[in-house]
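> structure here, sequence nowhere to be found:
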């Protein structure tokens, strides 16, 4: 029988670390953890660098006098403000709308396509665009799972840190 104590300690540390996060934030952390643990090798230098970055963010003071951006009242306004160029960027903007403005923590390709079509933006093969966005060198989207089996299965997605940062940086 293997010693599971180190694994239990790690799981408890993760549970404690995400306890105060929203459901969508927890999903992004879980998606990151899956990506992180999938790496074949993780050097100690990478681990120390990541820990330092997390510590810096956790202790970063909120800047005084920060100006809030103008409120966005429609998907069309968000899309125009971000001005995405590629199919993946367009899908990320739609995913951002679903997560931040509709308050949902995941979405399907068809939902992003419906939003984009509502403002006359057409993307051929949105599912392929999102699948490629997940596999990109710097992915902005994470695949959370599938509903169904085989050819007719429907993937569920969420934005990761990179996708959220892309939209928010464009918003100013």
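Nice, I can see it. Quick caveat: nothing in here was measured; it's all calculated off a predicted structure. Residues are numbered from 1 along each chain as shown.
> measure the nearest residue to residue 159 once chain neighbours are set aside to residue 121 for me?
Nearest residue to residue 159 in three dimensions, chain neighbours excluded: residue 95, at 5.1 Å (C-beta to C-beta, 6 or more residues apart in numbering). C-betas here are computed from N, CA, C, even on glycine. With the distance defined as C-beta to C-beta, to the nearest Å, residue 95 ends up 14 Å from residue 121.
> who's more crowded, those two?
Neighbours per residue (other C-beta atoms under 10 Å) separate residue 95 from residue 121, with residue 95 holding more: 27 against 16.
> in contact with the closest residue to residue 82 other than its chain neighbours, which residues?
Leaving aside its sequence neighbours, residue 82 sits nearest to residue 170 (C-beta to C-beta, 6+ apart; 4.3 Å). Neighbouring residues of residue 170 by C-beta atoms under 8 Å, 6 or more residues apart in numbering: 81-84.
> just want to check the distance between residue 170 and residue 83.
For residue 170, the distance to residue 83 equals 7 Å [C-beta to C-beta].
> where does the chain dip in pLDDT?
1-4, 8, 24, 31, 34-70, 148, 150-152 (pLDDT under 70).
> care to break it down by domain?
Under automatic domain parsing, the residue ranges defining each domain of the chain are 5-58, 75-171.
> now do the end-to-end distance for the last one.
Think domain 75-171. 13 Å (C-alpha to C-alpha, to the nearest Å).
> same deal with stretch 91-111?
OK, stretch 91-111 end separation, C-alpha to C-alpha: 10 Å.
> can you give the contact residues for the helix or strand residue 145 falls within?
Using DSSP states H and E, residue 145 sits within strand 141-147. Applying C-beta under 8 Å, 6+ apart, the contact partners of strand 141-147 are 27-28, 31-32, 34-35, 88, 91-92, 95, 106, 130-131, 133-134, 153-160, 163.
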